[in-house]
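Participant: all I have is the shape, not the residue letters:
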């Protein structure tokens, strides 16, 4: 198949790669209809995560079931499916407790930017649409594989409540989906921290009531002013750096919670400040399958359109340009069509 | 007045000290009936916190109102009161949100091991008993000034639920009160991690269903076995060291929460592990006043008897011995009578 691979920092290629095969009877192979580049793919792209030279990259895709293992009961070739980036059996104790991203049979999509992807634990992981979806829905369905449930997880973890105030740190696709999640959950004040006009506009379209362009102390001061000097009832940390985490704690009101979903890179948590202000931290890799049925309903009913985070669509062959566009922040998120 | 003072590590004295005075119209002076030594008093005692030479020490006491400032409306001389170690106005935005330990007018009892103590924000802080209490109730009322609400706060922060499993890390008075809190909240499995027989016995009396004497990896393995390989639904961290925090995260099931109330000393939070396992952290200084009415009802009705943590009672003059007994773990907690 044609697949996107990474060879070294900033060395993304689209090349021939062996087709994924059914390895266990619980596996399925999905023919990718749409894949995309994730903000977290930029960590290895920028050389900040280790790279296995020549390996495939990409963990988000939707598509059509091509083949299933002998034990797969719920899906058949031809089904259109949303593929959570983390695969789970959805039956183990962790899954039953809503922690599907810690499933004892956890797997990951690893060729989402390619023609085919293997899904382990197909029965537990996949969610099918009702027939073949309208092509116009594809971007929003694709957003359900990672960024939308991740933004949703940040909001759930932060304890967003109806009528409350929320700050979203990070204006990437996940942060923007966090704004959308807070809006669906009924937050009254939603403050998006963003310096980029196109992202500010999408944040507003997704429900942000305020945009704060300042960072650091000035940004925190602006949030304090909007929240009547008190700080926010819930904070969504959607970046993963020490700076963004610091901002998150600086704007959280005492007794509140920071929901964090940005993979931490060089973060040192301010435990003394957390103790002193009684501000908690909760989050991690999103249990996508937990939220997927509800979010799929919201997409299909037209209530949310998280696919708007895709502001650039390219053919798979142009994956290197997709990475460049996201790295240079020319695009929020790039959809790739095999 | 006679007051306990600290001059240097392990240099505790009982000596003459100026009586506290009404400084603001919202203050009250309380004549101490019973005070006590806190585990956190051992940090300066052991030289691990800075010491202001010759200052009074002690933040827990119950007693009788001696004098009130001009603006105090709810209390009069002669009222028997429980004095939360942290004083609050109970009206600011933080207090109204249940974060009384972050009150904008926060104060602290600072001569609880003495004959008199000053309370700032008397109206917001104090809770009176219904008449003069039975002397047999004094230890449990005294426990309500700090250790019991602190253990309760750990349980609330960790999200203890009816029927769930709980691990309590730390067998000091706060940890033991955490066991009691989990029991009142209806947890089905309560695992106390303790190596000391007298503490194990009290933990069991307070509702622990299991005692794990091992520490570190062995302790975590023992908890895993008790919880069917899954880990605990809620973990109470009641010590504040890096080791105890590590144990707390090691025994927490994915998706659960560690409630922490031990003042952190040298703690580096394992942010990567927290992310990977979706285990949150929440807690801090207990908002004592928030919990006090409910806990007072539980004490007066005889449903809880947190005063059992006091296994040694000494006259105020023997405060130095009280510190030694606690430092050497000969006593769980020492009550001092002026």
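Facilitator: Done, it's in. Note that the structure is a prediction, hence the values are computed from the model and not measured.

Participant: check what pLDDT residue A:215 gets.
Facilitator: pLDDT recorded at residue A:215 is 89.

Participant: chain neighbours aside, what residue packs nearest to it?
Facilitator: residue A:247 (6.8 Å; C-beta to C-beta, 6 or more residues apart in numbering or on different chains). Where you see a C-beta, it was placed from the backbone N, CA and C, and this is true even at glycine.

Participant: same check on residue A:43?
Facilitator: Using C-beta to C-beta, 6+ apart, the nearest residue to residue A:43 is residue A:49, at 4.1 Å.

Participant: can you count the residues close to that neighbour?
Facilitator: 15 (other C-beta atoms under 10 Å in any protein chain shown).

Participant: for chain A, what lies in contact range of chain B?
Facilitator: A:93-94, A:97-99, A:101-102, A:157, A:228-230, A:233, A:253-255, A:257, A:260, A:263-264, A:267-269, A:271-272, A:274-285, A:287 (C-beta under 8 Å from any C-beta of the partner chain).

Participant: can you select the buried ones among those for me in PyMOL?
Facilitator: Selection of the buried residues among the residues of chain A next to chain B in PyMOL, burial being defined by 16 or more other C-beta atoms under 10 Å in any protein chain shown:
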select buried, chain A and resi 93+94+97+98+99+101+102+157+230+233+253+254+255+257+260+263+264+267+269+271+274+275+276+277+278+279+280+281+282+283+284+285+287
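
Participant: which of the residues of chain A next to chain B fall within helices?
Facilitator: Counting by DSSP state H, the residues of chain A next to chain B place A:93-94, A:157, A:271-272, A:274-277 in helices.

Participant: biggest separation within those, which pair?
Facilitator: Greatest spacing in those, by C-beta to C-beta: A:93 and A:276 (35.2 Å).

Participant: what's the pLDDT at the closest residue to residue A:273 other than its chain neighbours?
Facilitator: In space, residue A:273 comes closest to residue A:249 once its chain neighbours are excluded; the distance is 5.9 Å by C-beta to C-beta, 6+ apart. Residue A:249 carries a pLDDT value of 97.

Participant: wasn't residue A:249 part of a strand?
Facilitator: No - Residue A:249 is assigned helix when assessed by DSSP: H, G, I helix; E, B strand; the rest coil, not a strand.

Participant: so it sits against residue A:276, correct?
Facilitator: No - Residue A:249 lies out of contact with residue A:276 (C-beta atoms under 8 Å); the separation is 10.5 Å.

Participant: gap between residue A:287 and residue A:130?
Facilitator: Using C-beta to C-beta, to the nearest Å, one gets 23 Å for the distance from residue A:287 to residue A:130.

Participant: do residue A:226 as well
Facilitator: Distance from residue A:226 to residue A:130, by C-beta to C-beta: 42 Å.

Participant: so which of the two has more stuff around it?
Facilitator: residue A:226 (19 against 8).

Participant: which ones are touching the more buried one?
Facilitator: Shown in contact with residue A:226 (C-beta atoms under 8 Å, 6 or more residues apart in numbering or on different chains): A:165, A:189, A:191, A:210, A:212.

Participant: cool, residue A:107 as well?
Facilitator: Contacts of residue A:107 (C-beta under 8 Å, 6+ apart): A:86-88, A:119-121, A:125.

Participant: do the same with residue A:269
Facilitator: Counting by C-beta under 8 Å, 6+ apart, residue A:269 has contacts A:245, A:281, B:269, B:271.

Participant: and it, what pLDDT?
Facilitator: So residue A:269 comes in at 97 (pLDDT).

Participant: ramachandran angles for it?
Facilitator: Here the main-chain torsion angles of residue A:269 (degrees, to the nearest 10) amount to phi -70, psi 140.

Participant: over to residue A:199?
Facilitator: Backbone torsions of residue A:199, given as degrees, to the nearest 10, read phi -80, psi -40.

Participant: isn't it right next to residue A:333, touching?
Facilitator: No - between residue A:199 and residue A:333 there is no contact under C-beta under 8 Å: 10.7 Å.

Participant: of these two, who's got more company?
Facilitator: Shown here are residue A:199 and residue A:333; by other C-beta under 10 Å, residue A:333 has more neighbours (27 against 23).

Participant: residues contacting residue A:176?
Facilitator: Shown in contact with residue A:176 (C-beta under 8 Å, 6+ apart): A:151, A:192, A:199, A:202-203, A:206, A:309, A:332.

Participant: ok, residue A:304 next?
Facilitator: Counting by C-beta under 8 Å, 6+ apart, residue A:304 has contacts A:140, A:148, A:180, A:184, A:295, A:298.

Participant: contacting residues around the residue in the stretch 101-250 of chain A that chain B sits nearest to?
Facilitator: Of all residues in the stretch 101-250 of chain A, residue A:102 sits closest to chain B, with a separation of 3.3 Å (C-beta to the nearest C-beta). Contact analysis of residue A:102 by C-beta under 8 Å, 6+ apart lists A:94, A:287, B:254-255, B:276-278.

Participant: which of these sits closest to residue B:43?
Facilitator: residue B:277 (29.8 Å).

Participant: one step back: reformat the contacts of residue A:102 as CSV; add distance to residue A:337 and pLDDT.
Facilitator: Supplementary listing: those in CSV, determined by distance: C-beta to C-beta, whole Å; pLDDT from 0 to 100:
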residue, distance to residue A:337, pLDDT
A:94, 35, 97
A:287, 28, 98
B:254, 35, 98
B:255, 36, 97
B:276, 32, 95
B:277, 36, 96
B:278, 33, 98
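
Participant: so which of those is the closest to residue B:314?
Facilitator: Of the contacts of residue A:102, the one sitting nearest to residue B:314 (C-beta to C-beta) turns out to be residue B:277, at 44.6 Å.

Participant: so what's the closest one up against?
Facilitator: Contacts of residue B:277 by C-beta under 8 Å, 6+ apart are A:102, A:284, B:249, B:252, B:254.

Participant: nearest to residue A:291 among the residues you listed?
Facilitator: residue A:284 (13.8 Å).

Participant: the closest one reaches residue A:101, doesn't it?
Facilitator: Yes - using C-beta under 8 Å, residue A:284 is in contact with residue A:101, at 6.8 Å.
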